[in-house]
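K.L.:
Compute the structure for the input listed below.
(chains A, B, C and D)
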Amino acid sequence: MTPARTVVPRTDQDLLYSEVEQDLRSSVHDLLADRCPPAAVLARCEDRTPHDLALWRALSRDLGVAGLLVPPAHGGHGATAREAAVVLEELGASVAPVPFLTSAVVATTALLGCSGAADEIARLASGAATAVLTVPLSTAPGSAFPQGVRADAAGVLTGRVTSVGDAGCADLLVVPATGPRGPGLYAVHAGARGLGADLPVSLDLTRPLVDIHFDRVAARPLAGPGAAEPALATALLTGAGLLASEQLGIAQWCLDTTVRHLGERSQFGRPVGSFQALKHRLADRWLEVVSARAAARSAADALASGSTDAPVAVAVAQAYCAPVAVRAAEECLQLHGGIGMTWEHPLHLFLKRAKADEVAFGTPGRHRAALAGLVGLPA
Amino acid sequence: MTPARTVVPRTDQDLLYSEVEQDLRSSVHDLLADRCPPAAVLARCEDRTPHDLALWRALSRDLGVAGLLVPPAHGGHGATAREAAVVLEELGASVAPVPFLTSAVVATTALLGCSGAADEIARLASGAATAVLTVPLSTAPGSAFPQGVRADAAGVLTGRVTSVGDAGCADLLVVPATGPRGPGLYAVHAGARGLGADLPVSLDLTRPLVDIHFDRVAARPLAGPGAAEPALATALLTGAGLLASEQLGIAQWCLDTTVRHLGERSQFGRPVGSFQALKHRLADRWLEVVSARAAARSAADALASGSTDAPVAVAVAQAYCAPVAVRAAEECLQLHGGIGMTWEHPLHLFLKRAKADEVAFGTPGRHRAALAGLVGLPA
Amino acid sequence: MTTTAATAVDADELRGRVSALLAEYDPATVDRLTFLRARFDAGLAWVHYPRGLGGLDAPRALQSVVDAALEAAGAPDNDPRRIGIGLGMAAPTLLRFGTERQRRRFLRPLWTGEEVWCQLFSEPGAGSDLASLGTRAVRDGDAWVVTGQKVWTSSAHTARWAILLARTDPEVPKHQGLTYFVCDMHAPGVEVRPLRQITGEAEFNEVFLNEVRVPDEHRLGEVGDGWRVARTTLMNERVAIGGQALPREGGMIGIVAELWRGRPELRTPALHDRLLRLWVDAEVARLTGERLRQQLATGAPGPEGSGMKLAFARLAQEISGLEVEMLGEEGLRYDDWTLRRPQTVDFTGRGPGYRYLRAKGNSIEGGTSEILRNIIAERVLGLPAEPRTDKDVAWKDLPR
Amino acid sequence: MTTTAATAVDADELRGRVSALLAEYDPATVDRLTFLRARFDAGLAWVHYPRGLGGLDAPRALQSVVDAALEAAGAPDNDPRRIGIGLGMAAPTLLRFGTERQRRRFLRPLWTGEEVWCQLFSEPGAGSDLASLGTRAVRDGDAWVVTGQKVWTSSAHTARWAILLARTDPEVPKHQGLTYFVCDMHAPGVEVRPLRQITGEAEFNEVFLNEVRVPDEHRLGEVGDGWRVARTTLMNERVAIGGQALPREGGMIGIVAELWRGRPELRTPALHDRLLRLWVDAEVARLTGERLRQQLATGAPGPEGSGMKLAFARLAQEISGLEVEMLGEEGLRYDDWTLRRPQTVDFTGRGPGYRYLRAKGNSIEGGTSEILRNIIAERVLGLPAEPRTDKDVAWKDLPR
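P.N.:
Below you'll find the predicted structure:
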C-alpha cells in the first residue's frame, strides 16, 4: 500500500499502561468499588445531591488525584495527562459524581497557563478547593474566545455563562472574560457578591449544570491578552482529549455489564448470551471498545508529551470514542430488555452520561470538521 | 405527533400493483426465466457480447415492452411509468442485458418531449429500432444541459460524450447539443459518417459503456431551445425514478438467492440459515427490500400521474433504493462465502450492476442534496 | 346470543341507524355515559361484533362510516387511548374464548370505558420468552389462588379488570401448563406499584399477586389452554402496530425538520446529510406503512407489518439521538425528572431528552426488535428455526 | 537432531555469524541459491529453529538482527511473499509434528524457495466448518489413496508440495477422523485448475485429487490426529494477520485521501463527512494495531488480534465502496477483466473497481468475519457457546 506523503507518520507513541499507571488505576478502582457503586450514585441523584464530596476528598487527598497534573513546585505530583486519563477511565466506569475532569483537569490546566495563579493551583492540588472553568460544557477546543462575560478596567465582571458542568460544587470560578485590553482569565470566589446561579435540569444526572450570572462581581485577573487565549485553548484541548478516557470507561462498563447479564439470564431454556445474533453484536462492541482504548491512549500520550500532533490525536479520539460510548450504553439498555428501561437499574446513568459526553467539549461532527483542517482534507 | 405544515402531505398514491401490472410482470418473468437465466448472461459476458438482441426482440415485439410509454397515436401501448417499473423489476432480477431502461424509457421519454420525432418514436415503439440518449450514465436529473457536443447552424455535430450506457446496440442516438440558438436535441443515425466509438472497460458487464465522438456528424434537429431542456430533464427524471425499480429487482433477487442458499447449505451439522446472526441480518435486508418496494412504487406512481411531487418521490426512491441494492448484493456475496467470490457464480453480475446503478442517474448523496432544496431543508 | 344469519348490513343502513340513535339520544343534551351505552346497545360500538354485543355482524370496514357520522354530529367517543388494552386485546379474546355469560358481563362496560382493563402477562423473569412465566394458579374448590409478580402493566392503577396468564401445571412443558383468567384488580392480594422508567415518569406498574382468589368462572378457555388463548390476544396487539396514516414529516422527523428550518445557527454540513438520510428513511417508512394499509384494504395483507415496528423503533431512536446532538448545549438539558403517571407516551409534548430516552423503549415493548427479527426470518423468509432445547422439558426443570 | 541444550545465542554472536557467512559467501559474486543454502546451513534462516534445521535455538526476536545485517550487506532474500504458505504454515507444522527424516527432507528447500508449498484444506462443501471436509484417504499397503476436491489453493500451480487434510475414518465424529499428509503436487491424479474470481483474475486454484497415492511416510502426526495437527497450522496462519506497522494514511485510506486532495471537483459535503469518518476509523484501526504490536513486544499479547482482521476487512470494503461512488462516472469503469494469475493481492496497482471487488474477499478468506465474531464472543468475552448438534455424530451421518 502507498502511504500518503502529506501526513506525518507517528510511530513513537506509547499506547500501553505503565506500571505506575496500573497501580494508580488499582487504587482508584478499589476506592470507587468500595465507596461509589452505581446504586449509591443513583441514590444520590434521587436525593438531588449528586456530588459526592466525601468521595472527592478521599480521591483528591488520600490518593492525590487532584494534584496529578500540577508540577511538584506548585504542590502537585507532576504526573501527566496519561495518568489523569487512567483516573478518568475508572471514574467513567462508575459515573462517579466528582469534579475530577472539570476541576483537576480542565480548570487546573487553565490555571497552569496563567502566570499569577500559584496560590489557586496549590489549593486545587492539595484538594483543599475545587475550581471550574466557566464555559458551557459543550465548548469545543478551537472555539472563539467566549464573549458572554465582560470585565471592566478594574476587573469587575458582568455577564452570563450557561451550562457550566460541576459548577455547583466549585469553590473557585476561572472566568474567561473580555476586558478593555482584550481577553483575560479571572478568578472569582464562589461566595462573591453579585454572583448568581440557576440550576437547570440536566440530562446527565451525575454532572449537573449551572447557569451563572455575574452582576458586577469583583474578580482577580489571572491572565491577560496573549496568555488567556492559549491557556483556555490548552484547557479545552486537554478536557476534550481526556474525556475520551472517560468515554472509554463508560463503554467498558456497559460492555462488561451486558456480557455479565447475558451470561446470567436464561430465556428459551438457554443463556441469552448463547444466542448468536447477540454474540455478534457484542463482538462488534468489543472491537469498538478496544479500538477506543487505542484512540484514548493516543490522545493522552500526545497531550502528555506536548506533541504538536495532539490536536489531531484529540480530534480522532473524540470523534471515535464519543459514539462508541453512546452505542455501548444503548446496546447495554437494549440487551437488558425491560429492566434496562427502569429507573431502578443504574445503567441509565451511564446512558445519560454517554449522551451528554457526546456533546461535551464538542460533538463528533465538530471534531471531524476540525480534523479536516488539521490533516489537509478540506471540504 | 405534529405534522409539519411546510410539506404537502400525499395520501393519494397507489402503491400496489394492478392486475394488468401483475399480468405484465408474469409475462416478462416467464420469458426471462426461459431465455435469460443468470448463467446465460454470464456466458454472454465472457464472449464479450453482453447485449442479447434476440431476447430484446422477444421482449420488445412479442411482449410489446418497447412501446409501453408511447401513446397509441404514436404506435405504442399508452401505458405509464408504473408498468415500465414492473418490467424493470423483472429485468433487474435477471440482470438482463437489454436496452429497456436506456432506449424504451430514457431515450423514448426524451423523444416524446420533442415535437418532430414521430417517426423515431414509432420505430422505437414497434421494436424496430433502439435508441440511446447520449449523456454519461452517471448524469443526474437537474444537471446543467451538457456542453460536450456543439451543433453548427446546419445541425452538424462535433464533440464527445463519455460513458453512454448501452450505446453499443443503439440504432439511433438522441444527442443533446448546444447550437447557435441554444440547447437542442438532435437525431443521429448509428451508422452516420464521422461518428466514432470507443469501448471502455465497464464495471457493470451487463450494461456496457461507450465513449462517443462526433466529428462533423450530420444530424436532424428534434427539439430546439425551450423544448430540449425540459425533454432532457423529464427523460433523466424518469430514468432515475424507474432505475429504483431495477434496483428493487436486484435487491429482491439477491435476498431470495441468499435465503435459498442458506436454507440449503449446512455447516456445523445444521442449515446455515438457522444461525441467528445471519437470520437477523437477513431480516434487516428484507425490511429494506419491502421499504424499497414502497419507495420505488411511489416514484413510479408519481411519474405516471405527472405529479408535481415527482421530483421528491424520485429523489427519495433513488436515495433509498440505490444503497439497498448494493447492500443486498454485498450481503449475498458475504453469505455465500467463498463461492460468492468466484466468477462462476452469477451473483457478481448483480453486485456490479448494483454498484454501477448507485452511480447511474446520480449518486444517493446527489439525490439527498436535491431533496434538501425540494423539501426546504437547506444546508 | 343472536347468531341467526346476519342480514347484510350496508353503509346506508348504518347511516340510518346512526341517525336513529342521534334522534333518540341527542349528544348535546344526553350525558356521555348514557349516550355510549345507547350506542353500544344499538350495535354501533364495533359493527363487526355480534348483535347484542355492541355490533351488527357487519363488515369491519364499515366501522369508519359509523365513526365519521357520529363525529360529524359531535357525539362523544369512548376515549379509545385510555382503554386501549380493553379494546385492542381483552375484547377480541373475550369474544373468541369467553362464555356467553362472560361476554355479556364484560364487553359493554369495557367498551363504554366504565371498566378499564389491563394485562397481566409479562414478568421480570419472562420477557421475550413469555411462555416461561412463573405466576402460579392453584385450584382451590371453585376458585384459583394466584401468586406471582407481573410487570410492565399499563393502566393497572386505574383498571378494574385484568387479563391474566398464570401457570396451572409446572410438570408439563411450558406452553402446555398455562391458563388464562380474568382477574379482578380490586380483589384482596392485588398490589399495584408504579414502575419508574429512565425518563423519570411511571407509565407502567408492577403488580404483585399474593394469594389472589380468582373464581373459576373467570377462566377464559380450558385449563392448560392459556397459551392458545394468549396468542389471540398477542396477535391483536400486533395488528394495532403499524397504525394510522401519517402525512409526510408526520412523526418525529417533523420535529427535527422544523428545528432545522427554524434554527439556522445549529446547521453543519455533517448534520445536514444525516438529517437528509433520516428524512429519506422516515419518508420511506411512511410509504411502506401506507402500502401496508393499502394491502390490508384490499384484503391481502402483506408481511410488511412485522417490519414496521422494527423500522419505526429504529427511526425514533436515530432521529431523537440526532436531535440531542444537533441541539448541542441545549441537548445537555432535560425538561423534568419528576415522577409522573402519564397514560400514554408523549413524544411531542416533552423535550428532546425525553424523546431520546423514551424511544429506547420502542425496540423493547410489545416484542423486542430481536424477537421481531426472528419472526421475520422464520415466518416471512422461511429460514430454519434454531435448535430448541426447551420444547419438551417440564417447565419446572428449565434453567432460569 | 541436535537437541543438546542450546547455548544462549545473543545479538553479538549473530552479527558475528552473519559476518562469517558474508565473508565466505559474498552476495556480490555467489549465486542466489548458493547463498540461501549457505545461510540456511549457517543457522541464520530462522534463528529460533533448531540447529541443523536452519536455526540456532535462539530467541525469535533476534531474527531481526540477522535480517537487518544481511539486508545492509545487499544479500538476497528468499522472496517470502512467494513462499508464504511454506514459511508461515507448513514449516511450523513440520517442525512440531514431522519426523526427523521429514524435517530434514523438507525444511531446507522450503526455506530457500526451491520447493514451493501450498495448502489443501478448504473444500467447496467445507468452508467455515473445515472439520467437516470430505476428501477421502484410504489405506492401501504403505500408502494412502486420496480422492476429493480442494479449493482456494494459492500457489497450487507452482507448488511442489502440499499440506493436505483428508478424512481417513468417516465412522467417527468429524474432528476425530482426519489425518494430515504431505502431498506431492507432481503425483499422478493431481489436477490444478485456475479459479477465476469476481475481479477477473485467478489468484487461487481448485485442486482435484483423483486416486492420488501418498506414501504413509508422508503422514504428519498420527492417523486420526489430523485436526490437532491442522490447528497448529491454522494458529500460525492467524499470527500472520495483524501484520506490520503502518504509517498514518497507510493502506487504502491514503489512496482516497489523495484522491480527495487532488480532485476538488469530486468533493461534496456528504462525501466529506463520510471520508472523515473513515479516516478516523482507519487511524484508530492503525493505532489499535500499533497497540497490539506494543503488547506483543512486551510479551503480553492482548486479545485485540482477533479483532484486527475484522476491522481491516470492514475498512477496506467501506473505503473502496466510497471511492467508486466518489469517482462517479469514472467509477463506472474497470481496468481489466483479463484472466490473470497474480501471486498476491494488488490493492495499489489496480483500479478502484478492482479494490472494491477484491476487498469483498477480505471478510471471507482466512476465517470469515462471522467466525471471527464467534471466536471473539466465546473466547474473549466468555459468552456461552451455542447448543452443538454435530459434536458426537459420526461424520457420515451429518447433514450436508
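
K.L.:
Quick check: phi and psi on the residue of the stretch 1-150 of chain C found nearest chain D?
P.N.:
Chain D sits closest to C:Asp129 of the stretch 1-150 of chain C, with a gap of 15.5 Å, by C-beta to the nearest C-beta. All C-beta spots, glycine's among them, are computed from the backbone N, C-alpha and C. With angles defined as degrees, to the nearest 10, C:Asp129 sits at phi -90, psi 60.

K.L.:
Looking at strand pairing, list the partners for the nearest residue to it once chain neighbours are set aside.
P.N.:
In space, and not counting its chain neighbours, C:Asp129 is closest to A:Gln267: 3.9 Å by C-beta to C-beta, 6 or more residues apart in numbering or on different chains. Going by DSSP bridges, A:Gln267 is paired in beta bridges with A:Arg270.

K.L.:
A:Gln267: what's it in contact with?
P.N.:
The contact partners of A:Gln267, by C-beta atoms under 8 Å, 6 or more residues apart in numbering or on different chains, come to C:Ala126, C:Gly127, C:Ser128, C:Asp129, C:Ser132.

K.L.:
Longest helix in chain A, by number of residues?
P.N.:
The helix that spans the most residues within chain A, counting by DSSP state H, is helix A:228-264.

K.L.:
Leaving out sequence neighbours, find the closest residue to A:His189.
P.N.:
Nearest one to A:His189, counting by C-beta to C-beta, 6+ apart, is A:Leu172 at 6.5 Å.

K.L.:
residues from the stretch 101-250 of chain C in reach of chain A?
P.N.:
Counting by C-beta under 8 Å from any C-beta of the partner chain, the stretch 101-250 of chain C comes close to chain A at C:122, C:124, C:126-129, C:132, C:151-152, C:195-198, C:200.

K.L.:
Can you list which of those residues are found in strands?
P.N.:
Secondary structure from DSSP state E places C:Val151, C:Trp152, C:Leu195 of those in strands.

K.L.:
tell me, which of those residues make contact with chain D?
P.N.:
Near chain D, judged by C-beta under 8 Å from any C-beta, there are no entries from those.

K.L.:
Go through these and name the one nearest chain B.
P.N.:
C:Trp152 (23.1 Å).

K.L.:
you'd agree the closest one is up against C:Phe204?
P.N.:
Yes. Between C:Trp152 and C:Phe204 there is a contact under C-beta atoms under 8 Å: 5.0 Å.

K.L.:
before we move on, the earlier item: and the longest helix of chain A, anywhere near chain D?
P.N.:
Yes. Helix A:228-264 reaches chain D (C-beta under 8 Å from any C-beta) through A:Val259, A:Leu262, A:Gly263.

K.L.:
can you put these in JSON lines and add neighbour count, distance to chain C and pLDDT?
P.N.:
Formatted as JSON lines, those follow (neighbours: other C-beta atoms under 10 Å in any protein chain shown; distance: C-beta to the nearest C-beta, whole Å; pLDDT from 0 to 100):
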{"residue": "A:Val259", "neighbour count": "23", "distance to chain C": "16", "pLDDT": "98"}
{"residue": "A:Leu262", "neighbour count": "24", "distance to chain C": "12", "pLDDT": "97"}
{"residue": "A:Gly263", "neighbour count": "16", "distance to chain C": "12", "pLDDT": "95"}
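
K.L.:
Does the closest residue to C:Lys360 other than its chain neighbours lie in a helix or a strand, and which?
P.N.:
Once flanking residues are discounted, C:Lys360 sits nearest to A:Leu333: 5.5 Å by C-beta to C-beta, 6+ apart. Per DSSP states H and E, A:Leu333 falls inside helix A:310-336.

K.L.:
Could you pull up the mean pLDDT of the host helix or strand of C:Gly16?
P.N.:
Applying DSSP H and E as the criterion places C:Gly16 in helix C:11-24. Helix C:11-24 comes out with an average pLDDT of 95.

K.L.:
Show me what the nearest residue in space to C:Asp140 that is not next to it in sequence is bridged to.
P.N.:
Residue nearest to C:Asp140 in three dimensions, not counting chain neighbours: C:Arg213, with 7.5 Å by C-beta to C-beta, 6+ apart. Per DSSP bridges, the residues bridged to C:Arg213 are C:Val145.

K.L.:
circling back to that earlier point, counting by contacts, list what the helix holding C:Gly16 packs against.
P.N.:
Secondary-structure packing of helix C:11-24 (3 or more C-beta pairs under 8 Å, 6 or more residues apart in numbering or on different chains; DSSP states H and E): helix C:32-41, helix C:63-72.

K.L.:
any shared contact partners between C:Trp152 and C:Phe204?
P.N.:
C:Leu195.

K.L.:
what separates stretch C:346-357 from the chain centre, distance-wise?
P.N.:
21 Å (C-alpha atoms, centre = their mean, to the nearest Å).

K.L.:
so, in contact with chain A or not, it?
P.N.:
Yes. Interface with chain A: stretch C:346-357 contributes C:Gly353, C:Tyr356, C:Leu357 (C-beta under 8 Å from any C-beta).

K.L.:
so where is chain A shaky, pLDDT-wise?
P.N.:
Low-confidence regions of chain A, defined by pLDDT under 70, span residues A:1-11.

K.L.:
any idea how far A:Val105 is from the residue sitting nearest the centre point of it?
P.N.:
Using C-alpha atoms, centre = their mean, the residue of chain A that lies closest to the mean C-alpha position is A:Leu243, 3.8 Å off. To A:Val105, A:Leu243 is 9 Å away according to C-beta to C-beta, to the nearest Å.

K.L.:
which residues are common contacts for the two?
P.N.:
Residues touching both A:Leu243 and A:Val105 by C-beta under 8 Å, 6+ apart: A:Leu88.

K.L.:
Residues touching stretch C:207-217, excluding its own?
P.N.:
C:99, C:101-102, C:118, C:120, C:135, C:137, C:139-140, C:142-151, C:153, C:156, C:162, C:164, C:181-184, C:187-193.

K.L.:
Let's see that with 6 Å instead.
P.N.:
C:120, C:142-150, C:153, C:156, C:181, C:183, C:187, C:189-192 (C-beta atoms under 6 Å, 6 or more residues apart in numbering or on different chains).

K.L.:
again with stretch A:135-154
P.N.:
For stretch A:135-154, the surrounding residues in contact (C-beta under 6 Å, 6+ apart) are A:157-163, A:165, A:175-180, A:183, A:214, A:229, A:236-237, A:240, A:359-362, A:366, A:370, C:328-329.

K.L.:
Alpha carbons only: can I get that stretch in PDB?
P.N.:
The C-alpha coordinates for stretch A:135-154 follow below in PDB (Å, rounded to 0.1, in the frame of the first residue of the first chain):
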ATOM      1  CA  VAL A 135     -17.600  27.900  29.800                       C
ATOM      2  CA  PRO A 136     -20.600  25.800  28.600                       C
ATOM      3  CA  LEU A 137     -19.700  22.100  28.900                       C
ATOM      4  CA  SER A 138     -20.300  21.800  25.200                       C
ATOM      5  CA  THR A 139     -17.500  24.200  24.300                       C
ATOM      6  CA  ALA A 140     -15.100  22.600  21.700                       C
ATOM      7  CA  PRO A 141     -11.400  23.200  21.500                       C
ATOM      8  CA  GLY A 142     -10.700  25.800  19.000                       C
ATOM      9  CA  SER A 143     -13.900  27.800  19.700                       C
ATOM     10  CA  ALA A 144     -13.700  31.500  19.600                       C
ATOM     11  CA  PHE A 145     -12.900  33.200  23.000                       C
ATOM     12  CA  PRO A 146     -16.200  33.500  24.900                       C
ATOM     13  CA  GLN A 147     -18.000  36.800  24.800                       C
ATOM     14  CA  GLY A 148     -20.600  36.200  27.500                       C
ATOM     15  CA  VAL A 149     -18.800  38.000  30.300                       C
ATOM     16  CA  ARG A 150     -17.300  41.500  30.200                       C
ATOM     17  CA  ALA A 151     -14.600  42.800  32.500                       C
ATOM     18  CA  ASP A 152     -14.200  46.500  33.200                       C
ATOM     19  CA  ALA A 153     -10.800  48.100  33.800                       C
ATOM     20  CA  ALA A 154     -11.000  47.300  37.500                       C
END
